[in-house]
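Chemist: When you get a sec, could you give me coordinates for this:
(2 chains)
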2 protein chains.
Amino acid sequence: MTCLCVPVLVLAACAVPVTGHKTTGLLGDDHQQRKIRTTSGTRGKVVSARVRMSGMDGGRGRREQEAAGRGGRAPAGGVGMWALAASNLASLAYLLHQHYRPRAGAGGSVPRTGTGSDDANGDAPAPPPPEPAVTPDAVIDLELGDPTMYEAFWREAGSRAEVVIPGWWGMSYFSDAGRLCQFLEPELEREVRRVHRLVGNAAVDDGYHLVVGNGATQLFQAAMYALSPAGADRPVGVVSAAPYYSSYPPQTDLLLSGYYRWAGDANALDVDGANNNDGHIELVCSPNNPDGAVREAALSGGKAVHDLVYYWPQYTPITGAAAHDVMLFTMSKITGHAGSRLGWALVRDRDVAKKMVYFLGRSSIGVSKDSQLRAAKILAVVSDAYDGEDETRLRLFDFARRRMAERWGRLRAAVAASGAFSLPEETTGYCNFTRQTVAAYPAFAWLRCEREGVEDCAEFLRGHRIVARGGEQFGGEARCARVNMLDRDRVFDVLIQRISSL
Amino acid sequence: MTCLCVPVLVLAACAVPVTGHKTTGLLGDDHQQRKIRTTSGTRGKVVSARVRMSGMDGGRGRREQEAAGRGGRAPAGGVGMWALAASNLASLAYLLHQHYRPRAGAGGSVPRTGTGSDDANGDAPAPPPPEPAVTPDAVIDLELGDPTMYEAFWREAGSRAEVVIPGWWGMSYFSDAGRLCQFLEPELEREVRRVHRLVGNAAVDDGYHLVVGNGATQLFQAAMYALSPAGADRPVGVVSAAPYYSSYPPQTDLLLSGYYRWAGDANALDVDGANNNDGHIELVCSPNNPDGAVREAALSGGKAVHDLVYYWPQYTPITGAAAHDVMLFTMSKITGHAGSRLGWALVRDRDVAKKMVYFLGRSSIGVSKDSQLRAAKILAVVSDAYDGEDETRLRLFDFARRRMAERWGRLRAAVAASGAFSLPEETTGYCNFTRQTVAAYPAFAWLRCEREGVEDCAEFLRGHRIVARGGEQFGGEARCARVNMLDRDRVFDVLIQRISSL
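Modeler: Below is the predicted model of the structure:
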């Protein structure tokens, strides 16, 4: 397995209290690295709080997952973390949604459609709605990673990024029955490989098979299915170094599979002091969700799934073409099209890829062609802009990187001003894509509450009408909490105002 | 649970050799019923055969499923039934595909897109390609239920059925965070309820919750998850009366869930002679895949999932509004849009619906908004045509019913002429939608081979370059095989020529 070349990352905050922890990263090459700013501090004030009324228990999802691990299930009255998280969003998102819905077309369903007659083409699309307002005292829900920051870019892109799907198109289950992944649209495959070549973040041409899925979420399950051994006496353990993506445990144990089972922190699995994999499947998220750390596998010699959904130039320096056995990506985090539920895996071994395809076939008979067509178009717009000199305003990675740099600058200033929190220290590295030394700007802020007497950071934030996900759900400390950095500008503005005022 | 009123169906062929079998249906009401034609016979001739080279083992998928049930897995060299079925399609479908692919747009990915400038709207869509040619000696693959017959209708519908998706639209994970199913597009919900009201096939307004999924396939798994008891000592058994949909066993046991496990033929579960459910989950497909039988639950007093994907007027008389606890539908079988992977469940109990939503959230964080938008548009076109007098040429159910009637007429004539096969007898009933007594025209032909010395119908058909799915995969006889009735006209023409010549 070829390793990513990684810049140093020093976790100044929210380090997980486990011996042998490896999330502080490895020195991979001779790229420039330096610390830019430390944002922990001690001063600040607390504004008056309004406690939200329901679904606010940040640790509940984890407890439900643990119940599932014992053969139980979320009680009927509370149907699990995801549903709870969604209900958490209700008070804000429902309000936002009412402002944000696109205008219905003549057919009652679409922003623009050719309706009424066969030659009803050419009617202009409805103009995009303005970004919804957020009142100063609104509850802002930043628990999930909804990437609505990208809407502004795609509004600017206009009709270049528009896709038209005729009624007769894409009706078969198959896209190309002659290929390993029979439901993968060839146009999507072409654009996926093209964008990886453009960015240089994955060795996409080194014999890798491309498997499309309903987001990285479904692909991650397909990978576990494909990598777990046939005929084993008991389920193989699935591990990830804490703090790990909070959805890994409940996704792994969703059906209490006989093939695999969540086994916790990879660093707690220190077999004979050697961190030997011992047959486990390790999930390696790099840059890591929640803390942005650049990671390598904690265990050696075993099977790993590399979750590289954030390995794009707006979030982290591109230090080399990743070439792991199974690598996951998703539109949600590249272009912001989370609603399309479209991800892909680059898979080295043909048999593993075929097993993943089998899983996806059984699980959902493949993946929406509509979303594949749209994703191919969106990715083509992204790549086209870097091919031509006159398309600089449509350069997605430039847009997103500028936006992330600005947001992280404001967040670190606000955190320093408040003194109530600390953040992981900023890291830098040489980026092969931008051809300069740049800082990492993770998609989440991994806040640690430094205020005396505060043990639960998510609870503290909720008291200030900020919904975040508590650190314990990531196998970390309750003093930490994860905050989405990819919401819309106006929501982010309120976040900064709130944090600055603490 | 309110029962469907059902017409009599007498299985003259391919009855499953199990005592207590109930697939012969129940007399539900006073609707007119009569037999139209019996198609079994004994004469015919065998044309020279070309044996296909790979993936032709119709029973292989079933053996793999059984291996999975023992804690094993498909061997690496053969990755399961779905992949095999797909590879079966390769020789034909790949060829067809080359003819059928829509022309790439300027963006390299779509039939028509607004590319090149912000005001590049209004360019006409590429005309739909002609239906691909099928050579007289081609292998025709009718193993899966690919519904490409519907392409002709949607070509005729033209731009009425076209959907345009701006780049900025639908980027959030959520459609409406305030609803039970947070990722359900309100436009889709409106059109789904509207088409059910139009057809009268489901009691959609009686407090039912709507849950959207990646096809009925994913929803079926969500339903099993939601209905299996929490904290049980062992997995609940999942059953269906044979012949059952061949995908039920491998989908149920895909991950060897600790919550539920395939337990076979519902009629073999005759507890104390009472067919008592005894806690099992029963899958009730009506009209049934593969044999078209109208069914009720075989067991009493338990939990059931009603797979009603074929309960539409082109396939069967609509005898009443179904009102079961969990009812599954899919675009694939209503309008033919299988590639969109879009299905829905109507769920009576709120907690069951919430658990299904939780499963779908964990499994794939919901369902493509692009496909939901398109499905809403497609369904609007379907319903609109029955609202207005001038849209008769766009009446989908009329189109599909005519097409199915013609196909079944030709198939029964060919089967009678060949003498090599028999078919279930045709049934009729009064259809509340068409307001006349009509025949049932199932989406599959459940052929029984009557030729002496032929024990394996699928193998016999393969010898004549017809790929079908063998009866044993449905828990039935090898003398039976399932043949897709929904492929394109030219493929169906070749099927009739081949069968007529036997």
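Chemist: Can you name the next helix or strand after the helix or strand harbouring A:A304?
Modeler: Taking DSSP states H and E as the definition, A:A304 sits inside strand A:303-307. Per DSSP H and E, the first helix or strand lying C-terminal to strand A:303-307 is strand A:326-330.
Chemist: Name the surrounding residues that touch that next one.
Modeler: Residues from elsewhere that reach strand A:326-330 (C-beta atoms under 8 Å, 6 or more residues apart in numbering or on different chains): A:192, A:202, A:215-216, A:219-220, A:223, A:226-227, A:304-309, A:311, A:342-348, A:352. The C-beta positions use only the backbone N, C-alpha and C, and glycine is treated the same way.
Chemist: Just the ones of those in strands?
Modeler: Counting by DSSP state E, these place A:304-307, A:343-347 in strands.
Chemist: need those in a markdown table with neighbour count and distance to B:P249, can you?
Modeler: Below are the ones in strands among the contacts of strand A:326-330 laid out as a markdown table (neighbours: other C-beta atoms under 10 Å in any protein chain shown; distance: C-beta to C-beta, whole Å):
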| residue | neighbour count | distance to B:P249 |
| --- | --- | --- |
| A:A304 | 27 | 32 |
| A:V305 | 28 | 28 |
| A:H306 | 28 | 33 |
| A:D307 | 28 | 32 |
| A:G343 | 26 | 28 |
| A:W344 | 27 | 29 |
| A:A345 | 31 | 27 |
| A:L346 | 26 | 32 |
| A:V347 | 29 | 27 |
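Chemist: out of these, which one sits closest to chain B?
Modeler: The shortest approach to chain B among the ones in strands among the contacts of strand A:326-330 belongs to A:G343, at 9.5 Å (C-beta to the nearest C-beta).
Chemist: just the contacts of strand A:326-330 that are near chain B?
Modeler: A:215, A:342 (C-beta under 8 Å from any C-beta of the partner chain).
Chemist: Would you mind listing the buried residues in the top helix by length along chain A?
Modeler: Longest helix of chain A, by residue count under DSSP state H: helix A:396-418. Using 16 or more other C-beta atoms under 10 Å in any protein chain shown as the test for burial, helix A:396-418 gives A:396-401, A:403-404, A:407-408, A:410-412, A:414-418.
Chemist: Over it, what's the mean pLDDT, rounded is fine.
Modeler: Mean per-residue pLDDT for helix A:396-418: 97.
Chemist: Then stretch A:449-461?
Modeler: Stretch A:449-461 shows a mean pLDDT of 97.
Chemist: Wait, A:R160 touches A:L394, no?
Modeler: Yes - using C-beta atoms under 8 Å, A:R160 is in contact with A:L394, at 6.9 Å.
Chemist: any shared contact partners between those two?
Modeler: Joint contacts of A:R160 and A:L394 (C-beta under 8 Å, 6+ apart) are A:V381.
Chemist: and the two? which has more neighbours close in?
Modeler: Ranked by neighbour count (other C-beta atoms under 10 Å in any protein chain shown), A:R160 and A:L394 place A:R160 first, with 25 against 21.
Chemist: Am I right that that one is in a helix?
Modeler: Yes - the assignment for A:R160 is a helix, going by DSSP: H, G, I helix; E, B strand; the rest coil.
Chemist: Give me the pLDDT value at it.
Modeler: 94.
Chemist: now swap in A:G320 and tell me
Modeler: 98.
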